[in-house]
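> I would like the atomic coordinates for the input below:
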Amino acid sequence: MVAVPRPWGRRPLLLTAGLVAVYFVLMLLNGMNLSTFILIHTSNMVAIYAAGMVAATLLLRRWSFGWWLAVVATVMTVGLLVLAWANLLVPLILALAAVLVTVVRRLRGRTASGARASATPTRRTPAPVSTSQELS
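Numbering: from 1, shown residues only. Next up is the predicted model:
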């Protein structure tokens, strides 16, 4: 059997395994009570669904049947978010950390590219090569 080369590395698999290990340790420390984990993940999915419903409300043609369905779904999903606010603290903290990491990377990228641009010497364009017709 020939191994098929994968376009991705093993990092995603290791990250998933690490996350499972952390969840397992937290579950053991919590006395094998899974209700908190289930509520956090369910609330997270509700938040993602709410974002999708808001996007549908913005994208669909106003006052159409689909738009009205999206509006009703958005209102009902916001109601679920109000009920699940305490379980959304963990995903909210993770989302803020992700935004912070993205902003820091972009700022570092700009300063690094600015430093590289000032460190590289300017290139001179070569003089055009004269052809035999111009010489005669």
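
> could you pull out the buried residues of the helix or strand encompassing Ala55?
Secondary structure from DSSP states H and E places Ala55 in helix 35-59. Along helix 35-59, these residues count as buried under the neighbour rule (16 or more other Cβ atoms under 10 Å): 40, 43-44, 46-47, 50, 53-54, 56-57. No exception for glycine: its C-beta is placed from N, CA and C like everyone else's.

> which other helices and strands does that helix contact?
In terms of contacts (3 or more Cβ pairs under 8 Å, 6 or more residues apart in numbering; DSSP states H and E), helix 35-59 is packed against helix 11-29, helix 65-83, helix 89-119.

> so the first one versus helix 35-59, what angle?
If you take axes from the mean of the first three to the mean of the last three Cα atoms, to 10 degrees, helix 11-29 sits at 130 degrees to helix 35-59.

> pull the CA atoms of helix 11-29 into CSV?
Taking Å, rounded to 0.1, in the frame of the first residue of the first chain, the C-alpha atoms of helix 11-29 are listed here in CSV:
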residue,chain,number,x,y,z
ARG,A,11,-0.4,20.1,13.4
PRO,A,12,-4.2,20.2,13.2
LEU,A,13,-4.4,16.6,14.5
LEU,A,14,-2.0,17.4,17.3
LEU,A,15,-4.0,20.5,18.2
THR,A,16,-7.2,18.5,18.3
ALA,A,17,-5.6,15.9,20.4
GLY,A,18,-4.3,18.6,22.8
LEU,A,19,-7.8,20.1,23.0
VAL,A,20,-9.3,16.8,23.8
ALA,A,21,-6.7,16.2,26.5
VAL,A,22,-7.4,19.6,28.1
TYR,A,23,-11.2,18.9,28.0
PHE,A,24,-10.7,15.5,29.5
VAL,A,25,-8.6,16.9,32.4
LEU,A,26,-11.2,19.7,33.0
MET,A,27,-14.0,17.0,32.9
LEU,A,28,-12.1,15.0,35.5
LEU,A,29,-11.5,18.0,37.7
